[in-house]
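**Q** Using only what follows, build the 3D model:
(chains A, B, C, D and E)
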Amino acid sequence: MIVRDRPDIWDLLTALRGSIVPRIALPVLLLAGFAAGVVGLDRVVGGVPRLDGSAFAVFGIGLSLFLGFRNNAAYDRWWEARRLWGGLLADLRSLAREVEVFVADPALRRAMLEAGLDFIHAHRIHLRGLPVDKAERGSVRDLAGAPHAPCAALDGLAGMVAGAYRDGGIDGFGARSLTARVGAIAQQQAGCERIANSPLPFVYSLLIYRTSYLYCLLLPFALTGATGWATPLFVAVVGYMFLGLAEVTEELSHPFAPSPNGIAMDAICRAAEISLAPHLGREAPPPLAPVNHYLS
Amino acid sequence: MIVRDRPDIWDLLTALRGSIVPRIALPVLLLAGFAAGVVGLDRVVGGVPRLDGSAFAVFGIGLSLFLGFRNNAAYDRWWEARRLWGGLLADLRSLAREVEVFVADPALRRAMLEAGLDFIHAHRIHLRGLPVDKAERGSVRDLAGAPHAPCAALDGLAGMVAGAYRDGGIDGFGARSLTARVGAIAQQQAGCERIANSPLPFVYSLLIYRTSYLYCLLLPFALTGATGWATPLFVAVVGYMFLGLAEVTEELSHPFAPSPNGIAMDAICRAAEISLAPHLGREAPPPLAPVNHYLS
Amino acid sequence: MIVRDRPDIWDLLTALRGSIVPRIALPVLLLAGFAAGVVGLDRVVGGVPRLDGSAFAVFGIGLSLFLGFRNNAAYDRWWEARRLWGGLLADLRSLAREVEVFVADPALRRAMLEAGLDFIHAHRIHLRGLPVDKAERGSVRDLAGAPHAPCAALDGLAGMVAGAYRDGGIDGFGARSLTARVGAIAQQQAGCERIANSPLPFVYSLLIYRTSYLYCLLLPFALTGATGWATPLFVAVVGYMFLGLAEVTEELSHPFAPSPNGIAMDAICRAAEISLAPHLGREAPPPLAPVNHYLS
Amino acid sequence: MIVRDRPDIWDLLTALRGSIVPRIALPVLLLAGFAAGVVGLDRVVGGVPRLDGSAFAVFGIGLSLFLGFRNNAAYDRWWEARRLWGGLLADLRSLAREVEVFVADPALRRAMLEAGLDFIHAHRIHLRGLPVDKAERGSVRDLAGAPHAPCAALDGLAGMVAGAYRDGGIDGFGARSLTARVGAIAQQQAGCERIANSPLPFVYSLLIYRTSYLYCLLLPFALTGATGWATPLFVAVVGYMFLGLAEVTEELSHPFAPSPNGIAMDAICRAAEISLAPHLGREAPPPLAPVNHYLS
Amino acid sequence: MIVRDRPDIWDLLTALRGSIVPRIALPVLLLAGFAAGVVGLDRVVGGVPRLDGSAFAVFGIGLSLFLGFRNNAAYDRWWEARRLWGGLLADLRSLAREVEVFVADPALRRAMLEAGLDFIHAHRIHLRGLPVDKAERGSVRDLAGAPHAPCAALDGLAGMVAGAYRDGGIDGFGARSLTARVGAIAQQQAGCERIANSPLPFVYSLLIYRTSYLYCLLLPFALTGATGWATPLFVAVVGYMFLGLAEVTEELSHPFAPSPNGIAMDAICRAAEISLAPHLGREAPPPLAPVNHYLS
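**A** The predicted structure is shown next:
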């Protein structure tokens, strides 16, 4: 996640970090060059077909519709992902308070909270597609053999509840509270996996990229008559707007990727460690700080 | 579900799998041919009526409105269907953990989880309209005589809870937790059945297809004057955009059909089997892999 | 609810059932006639004032905004109504499973489920504004004297829970589960009554019908110059689009009316009977089938 | 709330009740007069600056964007308010059923339900900003000394639960059910207070009214050339559309005001009395009927 | 939060408080000056390139799309923040009622409610980024040493529940109710922290500010031909509209900042104190009143 204040005049002119300019510079330049070629051909040779502006406007409206839809859908995915991670943080904090109330044995309490932290780290690793056996946290590496590491961590937690319930270490109220909490965590976990595993329908990407490029390639034929040599500039601006938005939505729709706009899952895992530290009798680690405006 | 990375330049030019081009190629070509006929008539014979561009724009705005609405509605149906299936997966995982806590008898635990797996398979078969007695999973075939197979699976699960509760095999906390879990599953099941049984109002399909075709048929009369022989190309592009979107929304609004953008219910059923395997003391099967970019 | 597959080419040309054409044919023809009169006057007498196309476009944008909003609001009402009825079905199924678990006496179980079925029928009758004492189901007719029949059915159900709880026929866990279930049913019931009793603000209907007619009446003055005798055709198409959408939204915003797009409440009540039949020890009735593409 | 059937042709021409025409008639007439002055000046003196139509269209798009947003936001407030009141009605009904189950003493049951009715009346009075000590219901007037009358009613209800729980008149299951119900009521109450206390950001009102007036004042300069003496009529229609929508959204965004589109809180309070009458052993009062199409 | 009635005619002309005019006056004037320079150059020297209006319209549509999206996203953040704070108020009121029911010891009850008030003040301070050790409320200053002050307050509350549960001062039903309530508070707290810590993606700010400025800078080239010396005025109006909206969305998207449209968190904290006063046996403080139309 890029962490910056609102852009001032200087940022507007120069910011590249967090900007999509670098990634779309090449196609935009190519489009401008093509437009220059069309204008040149029209001025030198003539006979270039011209498109009617008002009919062209309809085309633009359709394109806006596609881009607007996709932008909303991508942003909703991103924001829901962030919401789920915020909910997981709250659930871990509540878990810590509930084991305090319902679990008498301090060692068991600590083991349960460690399993909770194992889960959130394993969940992060799973969503990012990283290898479990390379996890920084040792107890997460122990989950590497399981068919689904985050589920194994939650299974372990539930198993401790089951054992204590049978031993009388937890009463019925506690068993019900703690299983409900684990159930809430599992719902949010499944929500994250849904976003990670179900991309936006591929057909939209095709429709949007194809329509955007067609639009920018046809634009010079609509403009060359009235706009002349300002056409390449105008095409570049429109290309920047439409291709830029397509690129942004591509990125936002994958909120768990380590991209500039990805969810700062490392920072949230750290926040969970800070919140649980007092319950584990540990010194709280410092919060993660952004590096070069970037919070991982 | 089509599983592909973001399209590169080559895909944009050539991808047909997951694309709607093949299905709309014929009507788009017919529209382009009609446009060519209109232009030819106008050039050769003359006297073809011309429509005013700016009034035509209003028509296009209305059409965008229809298509935009329908696209949002169809996507929401698709995404809600996916959300419900993700929720069912989480509920089955939670069920496994809760029987671990509240049910002492391991055989009964296993029977309950098998009933859960029966349910999710029967639910998938029911949504796809497949015959229950041809199910791959044997215990699902046993449900073929019931008036509603997925309900019968859940009734069986609830019956086991009822029996154990009366026998003392489950205490009150367990009975309440497990019935609440089955209730949550039933809500999500009913959500899926709602989407499957209540298509988008038929009147929208009529309005949209009728308006789209009328629009594309009238377009040549608006363009022929200024655009000339480029008219058929332009009509083809607009037809691709509007008919393509209509086709995509038709497909997305039926998320349980075995179409390229349908929910990957087979894969989610497999994921449930993987998650429940450790609780059933079984080897976890491998996750389903996409075949030719398609995950069923 | 109209149940049809996606329209094929023939349906597009001819479908009237489920179409709004019959209801708006008269005003659309009148508008076209008026447009023909304006064009005739302009050609014969002259001096008809002409409106500027681009200013007119703004007017169309505003109208699209109104219609788009109203369409979304009406569809949301329809879909929420359907969602609530799906939820009621799930709640009745869960009620059947919960009485199985928590109520020992089979006769009392059956009485509770009958009360549940009474409720859903009385609720349907209430929403449709039909007379309670003409209900097909005998036990619903017995509720005719109550100030609010569906509430009386739920009160009866809750009364059975209360009696059994005091007699010891239900324990505390059961009382809590069953009252929570009845509470969930009551929430969904109130949601349906909200939609039935609170129509879309009347002021929107006025604004939209007034603006739609004004727009269609002014359109000939904007078109007559450039479009000539094609004006009446164009006015008819635009009138079909805008009046048709207004009509559709009027219908969808009353989802409990027995209109072609109304919620198929009879079918859902039947589905509830099917689902509860095994619990009542009855033969399940067949599901309702659409008659002439219409499911009531 | 205005209760009318869909407008017929006569209503469309004449309806003023529930219409916003009376409130915007003056500014619309002034705008039309201003437009007539501009046209006159242009025809008589000449030299009036003319604005380009297509640039003007952009301005109109921006305005549509503002109005569309504000309309959605206002409608959402109105509908959420209605949803919360429907939820309160359901909660009171459920409260009545739950005290039936969990509270043995009939006198205490009645006292609790009376407190519930006190709450909903006090809540209505609070939202409308009326004086508590003038309430029609006597037991509500007794709350006049409390810092927050609706909270005092709920505190009284919770106090009865607390007393009975300590005396053994309610068991733990009942205490948990009833406090959860009161908690749900408190959430919905807070939702209503949020809507009442947090108007739409004032800055939007400024932006929208300023832009609407600027637009209507500049419109004659864009139209006078092509449209001539029809300009004042056209300006009046556009002014009706934009100012009318601004007025409607202003009204809908204050759903608790006693305006034609305000929530019919009196009728819902009456519905609560009807629903609770059988539990209180009272004759149910008749439902409130609209007076001159208006339901308060 | 700005608290004003709907603007009257005089406010529309003059209101600056709550208006964004002061903040965008400078850039708008610069844009108008630039436009005047372009027109002057065009009239005096000539040869200024002209842009085609209808192509320019497409650009405006894209910009409207960006601004509309961002406006919706920012407003949703603001309204969700307000919703969460309303929910926290309701939860504190419910906490007060639940301790009344489930906690026998009055001193412990008071201590729990004080911890609740500590939490809401610490939460407000945390969201505003103020120093904890400067808090007005003494018991909040005691939390200054904790790694996360609001969490420490809730941990303290949960600790009291845990202690009383072990001592028998709270029974199982109470422990479950109170931990569920604390869990609900923690979810809403995490929601607020999510909004505070995850700004709208920076890339949107860049895209929108860059596109808005480009649009306003190119506008004179599209207008100068037809509009002449009215161009600077028109550019100023469009700049006011687009830059004003960009500024408003910037502000609304940070709902916890002490800006004119920020959430009135001081007032809500005071409302919590008023609601809890009767439970604490204290005189209720007066509600916070707006100062110069501003409620902090």
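**Q** so where's the stretch 1-150 of chain A shaky on pLDDT?
**A** For the stretch 1-150 of chain A, residues meeting the criterion pLDDT under 70 lie at A:5-19, A:52-55, A:57-58.
**Q** Recalculate using a threshold of 80.
**A** The model of the stretch 1-150 of chain A has pLDDT under 80 over residues A:1-21, A:46-65.
**Q** how about the helices in it?
**A** A:9-14, A:21-44, A:53-102, A:106-128, A:138-141, A:149-167 (DSSP state H, counting those that start in this stretch).
**Q** of those, which approaches chain D most closely?
**A** helix A:53-102 (8.7 Å; Cβ to the nearest Cβ). C-beta here means a position set from N, CA and C on the backbone, and glycine is covered the same way.
**Q** can the helices of the stretch 1-150 of chain A go into CSV with extra columns for distance to B:Arg194 and mean neighbour count?
**A** Shown next, in CSV, are the helices of the stretch 1-150 of chain A (distance: least, Cβ to Cβ, whole Å; neighbours: other Cβ atoms under 10 Å in any protein chain shown):
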stretch, distance to B:Arg194, mean neighbour count
helix A:9-14, 48, 12
helix A:21-44, 41, 16
helix A:53-102, 21, 23
helix A:106-128, 30, 21
helix A:138-141, 40, 16
helix A:149-167, 29, 22
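**Q** Pipe those into a markdown table and attach distance to chain D per row.
**A** A markdown table is the format used below for the helices of the stretch 1-150 of chain A (distance: least, Cβ to the nearest Cβ, whole Å):
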| stretch | distance to chain D |
| --- | --- |
| helix A:9-14 | 21 |
| helix A:21-44 | 21 |
| helix A:53-102 | 9 |
| helix A:106-128 | 24 |
| helix A:138-141 | 36 |
| helix A:149-167 | 19 |
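**Q** Could I get those helices in CSV, plus columns for distance to C:Glu250?
**A** Output for the helices of the stretch 1-150 of chain A, formatted as CSV (distance: least, Cβ to Cβ, whole Å):
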stretch, distance to C:Glu250
helix A:9-14, 48
helix A:21-44, 46
helix A:53-102, 25
helix A:106-128, 46
helix A:138-141, 58
helix A:149-167, 50
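**Q** for the ones you listed, which one sits closest to chain C?
**A** Closest approach to chain C among the helices of the stretch 1-150 of chain A is made by helix A:53-102 (8.8 Å; Cβ to the nearest Cβ).
**Q** That closest one near chain E at all?
**A** Yes. Using Cβ under 8 Å from any Cβ of the partner chain, helix A:53-102 reaches chain E at A:53-54, A:56-57, A:60-61, A:64, A:67-68, A:71-72, A:75, A:78, A:82-83, A:86-87, A:89-91, A:93-94, A:96-98, A:100-102.
**Q** ok so, going back, ok, which of the helices of the stretch 1-150 of chain A comes nearest D:Ser139?
**A** Among the helices of the stretch 1-150 of chain A, helix A:53-102 comes nearest to D:Ser139, with 38.3 Å by Cβ to Cβ.
**Q** Just confirm yes or no for the closest one near chain C.
**A** No. On the criterion Cβ under 8 Å from any Cβ, helix A:53-102 is out of touch with chain C, staying 8.8 Å away.
**Q** For D:Cys269, which of the helices of the stretch 1-150 of chain A is the nearest?
**A** helix A:53-102 (35.8 Å).
**Q** what ranges do the helices span in the stretch 151-296 of chain A?
**A** A:172-197, A:202-227, A:231-252, A:265-280.
**Q** Mind checking if the first one is in reach of chain D?
**A** The reference is to helix A:172-197. No. Contact of helix A:172-197 with chain D (Cβ under 8 Å from any Cβ) is absent, the minimum separation being 9.6 Å.
**Q** next one: that helix to chain centre, how far?
**A** Centroid separation between helix A:172-197 and its chain, computed with Cα atoms, centre = their mean, to the nearest Å, is 21 Å.
**Q** Kindly report the same for the last one.
**A** Relative to the centre of its chain, helix A:265-280 is centred 21 Å away, using Cα atoms, centre = their mean.
**Q** What helices and strands are in contact with it?
**A** helix A:53-102, helix A:106-128, helix E:149-167 (3 or more Cβ pairs under 8 Å, 6 or more residues apart in numbering or on different chains; DSSP states H and E).
**Q** Return the residues in contact with the spatially most central residue of chain A.
**A** For chain A, the residue nearest the mean C-alpha position is A:Pro255 (1.2 Å; Cα atoms, centre = their mean). Neighbouring residues of A:Pro255 by Cβ atoms under 8 Å, 6 or more residues apart in numbering or on different chains: A:Arg77, A:Trp78, A:Ala81, A:Arg82, A:Ile195, A:Asn261, A:Gly262, A:Ile263.
**Q** hmm, 7 Å instead?
**A** Applying Cβ atoms under 7 Å, 6 or more residues apart in numbering or on different chains to A:Pro255 gives the contacts A:Arg77, A:Trp78, A:Ala81, A:Ile195, A:Gly262, A:Ile263.
**Q** Equivalent analysis for A:Leu92, please.
**A** A:Leu92 makes contacts with A:Gly116, A:Ile120, A:Ala272, A:Ser275, A:Leu276, as judged by Cβ under 7 Å, 6+ apart.
**Q** between the residues you listed, which is closest to chain B?
**A** Proximity to chain B was ranked across the contacts of A:Leu92 by Cβ to the nearest Cβ; first place goes to A:Gly116, at 13.8 Å.
**Q** How many neighbouring residues does A:Gln187 have?
**A** Neighbourhood size, A:Gln187 [other Cβ atoms under 10 Å in any protein chain shown]: 20.
**Q** quick one, what contacts the closest residue to it other than its chain neighbours?
**A** Spatial nearest neighbour of A:Gln187, chain neighbours left out: B:Ala90 (4.7 Å); criterion: Cβ to Cβ, 6 or more residues apart in numbering or on different chains. Going by Cβ under 7 Å, 6+ apart, B:Ala90 touches A:Ala186, A:Gln187, A:Gln189, A:Ala190.
**Q** quick one: the second one from D:Leu30, how far?
**A** This points to A:Gln187. Distance of A:Gln187 to D:Leu30, given as Cβ to Cβ, to the nearest Å: 58 Å.
**Q** tell me the contacts of the closest residue to A:Gly86 other than its chain neighbours?
**A** Ranked by Cβ to Cβ, 6+ apart and with sequence neighbours excluded, the top spatial neighbour of A:Gly86 is E:Arg194, at 3.8 Å. Contacts for E:Arg194 (Cβ under 7 Å, 6+ apart) come out as A:Arg82, A:Arg83, A:Gly86.
**Q** residues in the stretch 51-200 of chain A within reach of chain B, list them.
**A** Neighbours of chain B within the stretch 51-200 of chain A, by Cβ under 7 Å from any Cβ of the partner chain: A:51-52, A:54-55, A:57-59, A:61-62, A:65, A:69, A:73, A:147-148, A:151, A:155, A:158-159, A:161-162, A:165, A:172, A:175-176, A:179, A:182-183, A:186-187, A:189-191, A:193-194, A:198.
**Q** wait, isn't A:Gly60 in contact with E:Leu63?
**A** No. Applying Cβ atoms under 7 Å, one finds A:Gly60 not in contact with E:Leu63, separated by 11.9 Å.
**Q** give me the residue from the stretch 101-250 of chain A nearest chain D.
**A** Taking Cβ to the nearest Cβ, the stretch 101-250 of chain A has A:Phe173 as its residue nearest chain D, at 9.6 Å.
**Q** Report the contact partners of that residue.
**A** Residues near A:Phe173 by Cβ under 7 Å, 6+ apart: A:Phe102, E:Gly172, E:Ala175, E:Arg176.
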